[in-house]
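**Q** A predicted structure for the sequence below; I have some questions about it.
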Amino acid sequence: MTSIPEERTYPPRPPAMVRPSRSLLWRWVVDLIPTLITPFIGIAAALGLVVLILEWQGADPRLAWQFLYDGTLATAAERADLMSYWMPLAITAFGLVLTYNAGLWNIGVEGQIIAGAIGATWAARLFAEGEGWRAQITPLGHGWVLLLCFVFAAGAGGLWALLVALLKTRGGVNEIFGGVALNFIIQTFNMYLVSNGGPWQPVGSRATETAAFPEVARLSSYGGFRHLSLTPIYITTAAFILLVLIMYVSRWGLQLRAMGKNLRSAFLLGVHTERNVLMAMMLCGMMAGLAGSFRVLGPYVTRAKLTANPSGGIGFLAILVVLLAAMSALLTPFVSFAFAMLSKGGQKIESGFQWSDPPINLDRSLVRVLQSGIVLMVVLAFGVRNRYFPPRSAQAAVDEDEEVART
Amino acid sequence: MTGLESTLSGIIRAAAPIVIAAQGELITERSGVINLSLDGTIMLSAMTAHAVTRITGSLTQGVLAAMAVGAGMAFIVVFSSIALRLNQVAVGFVLTILGADLAIFLGKPHFNQVGREIPHMPIPMLKDIPLLGPVLFNHNILIYLSLILVAAITFYIYRTRPGLTLRAIGEQPEAAFVRGTPVNVLRYAYTMIGGSLVGLAGATYSLSVKLGWREDLSGEGWIALAIVIFGLWIPARVALGAFFIVGLRSIAIDLQSSRVIDLPAQIVNMLPWFLMILTLMVATSGVLERVVRYTPARFQPAARRFLRAGPPAALGRPFEKH
């Protein structure tokens, strides 16, 4: 056996400095700073890209910003409109926080929103409209009809989500593919209902939509604003409180997170994984269904109907929101607000530049590019940070591992 | 052309982009990477092919640009997976949405505009063979390519040494690495080759199958992704799956338009998605297992090869050197 020669240096090294150990809280704060900065780098990158596109199209980015502000926050009416757009998006994102923390890629949420819209329309036709048999036997009051609409919407959305979940747990169909397929199926079904003499299209009408619902099946408007109603705000707030309780207080939320980290370990540790998958998906579907009902129940007559595209793409938008919020329940309201602002401001940006001098054709899909661009850039920015500038606590853990491996 | 011939020839034609995209995704997944961005990539590359062809007037440049777009999208997926260790599914999904949005935004000036078409190119002698001639040899070069691709990839994966390495990095990257294979370099390469094939599929849509740019391609990429699973990662089966789905779709449309069955058009549109769910359920359930068990002993090995195969063992799992 050869003995390892001792390391000799001259002059001899001073003994290793023992750094005074700072409190855990301080280290946590220091770690937090880059975590807070990183998303802004991503957002700046995406914004830079959009500014380049704007310059290339000959549009002034400051003007675009002005239009965005005008179209969303400038007047009370715009703010009310923004609120009515934000609520369905937010409640859908709340539902998705549950499934994403459980590691479930609920892409079918778009279809669940449409299912909810169809469910709400069905209830409205059944209980409020003249030809519905229920309405003729027992005329119901406003509150009861709305309640039934919400119950039907949540039920339809929940069942549609349950179908995806059952296909996953029992049928062996990955929830991504099951969800995509069911999205297309219900979109087509919705189209069948309202187009080309479908059962819900008014006789003689050429428009692909149902007739406007009667007053009794519409949300009541608030403060004289056409599209603003308080009921969705209450329901969404309740959903948020429920979500926070589940994620941060209940044991079930912990189980969902465990499933998201490692499904098999969670199962081996006694978590009822299949039941939880079904429940999380169903809860998410119910929230998405409610979102669908918010989008078809008015309050103003032009929006109180089932159209060819009742979700308006807010399902996929909500997925982007949850990805950007890093699945955090507390960040979701803010991120969904920002995205609602962009979506709504996009229309104003398009119309604003059309009437500017000289007119510039700038399609509103630009804001959708910005939204998905931001999510991509932020995800990549976090990737770069965790890979090349790892947080200190993670670095310490790695060092410790190496220490253990060496001895 | 008889009715049967035109139907079959139409299926070959309509299935070509799905075949090409699915073969591209197959190579990608065989190397152990999932590229979920197919739907967006097909839309963006279809728009690119149409736009570049309109601007430059050159079909070749249009096709090459579409392939470059596909390779670029694939690069983002593989780079974020290997270099940044991000979730492939998350990045792929965001790219799906971003690709579709970009295609719609950048494609606005070219929306519904007349574009150029890949010239029809019947193969001289072969096109006169009864039945086979009109069905297989009376198309344009991209459609032929979709068929050649299936044979070429089958040969490459199962009969050549690099093909063996490709399978190895998807099944056992550690073992391949110990044998001296640069696993991650090859994963970059195969994912980008696969991505460029997906781009080619987009070009096939806008330059031939669904001429022009009309924003109605959403869904095709998802079908291609599902067909790779349905085909159990075997090139020939993947192609058969594409013909099967597209065939049923076109037969249903034919029946409906000829009033043999009186269904609303929407029911027909739902059909491929029902089939997709059904076939995925069958492909992952024990039914195929049972079929293999009850086949006569003589055919069992062949049946097993055709019906039973799993996903590449290291699919979606990033490889790290220790």
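**A** Thanks, I have it. Numbers count the residues shown, from 1 in each chain, chains lettered A, B, ... in the order given.
**Q** any idea of the mean pLDDT for stretch A:51-65?
**A** Stretch A:51-65 shows a mean pLDDT of 86.
**Q** Give the buried residues for it.
**A** A:53, A:54, A:59, A:64 (16 or more other CB atoms under 10 Å in any protein chain shown). Heads up, the C-betas are built off the backbone N, CA and C, glycines and all.
**Q** Which of the three states applies to residue A:298?
**A** Following DSSP: H, G, I helix; E, B strand; the rest coil, we place residue A:298 in the coil state.
**Q** confidence score at it?
**A** Residue A:298 is assigned 76 on the pLDDT scale.
**Q** before we move on, what about residue B:169?
**A** We have a pLDDT of 92 for residue B:169.
**Q** closest to residue B:88 among the buried residues of stretch A:51-65?
**A** residue A:53 (27.4 Å; CB to CB).
**Q** For residue A:191, state which of the buried residues of stretch A:51-65 is nearest.
**A** Nearest to residue A:191 among those, with distances taken as CB to CB, is residue A:53, at 32.7 Å.
**Q** what's the burial count for the nearest residue to residue B:132 once chain neighbours are set aside?
**A** Leaving aside its sequence neighbours, residue B:132 sits nearest to residue B:126 (CB to CB, 6 or more residues apart in numbering or on different chains; 7.8 Å). A count of nearby residues for residue B:126, using other CB atoms under 10 Å in any protein chain shown, gives 12.
**Q** swap in the one 4 residues further on?
**A** Number of residues near residue B:130 (other CB under 10 Å) recorded here: 9.
**Q** give me phi/psi at it?
**A** phi -60, psi 140 (degrees, to the nearest 10).
**Q** Now that we're looking at it, what pLDDT does it have?
**A** pLDDT, residue B:130: 79.
**Q** With residue B:89 instead?
**A** On pLDDT, residue B:89 comes in at 89.
**Q** how about the nearest residue to it, chain neighbours excluded?
**A** residue B:36 (5.6 Å).
**Q** Looking at the stretch 51-200 of chain B, what residue ends up closest to chain A?
**A** residue B:84 (3.1 Å; CB to the nearest CB).
**Q** Name all residues that make contact with that residue.
**A** When contacts are counted by CB atoms under 8 Å, 6 or more residues apart in numbering or on different chains, residue B:84 touches A:380, A:383, A:384, A:386, A:387.
**Q** and if we set it to 7 Å?
**A** Residue B:84 makes contact with A:380, A:383, A:384, A:387, according to CB atoms under 7 Å, 6 or more residues apart in numbering or on different chains.
**Q** Mind giving me the packing neighbours of the host helix or strand of the second one?
**A** So the one you mean is residue A:383. Here residue A:383, judged by DSSP states H and E, is contained in helix A:365-388. Helix A:365-388 sits against helix A:24-56, helix A:314-324, helix A:332-355, helix B:88-106, with contacts defined as 3 or more CB pairs under 7 Å, 6 or more residues apart in numbering or on different chains; DSSP states H and E.
**Q** Out of the ones you listed, indicate the one that is most buried.
**A** With neighbours defined as mean count of other CB atoms under 10 Å in any protein chain shown, the helices and strands packed on helix A:365-388 peak in mean count at helix A:314-324, which reaches a mean of 26.
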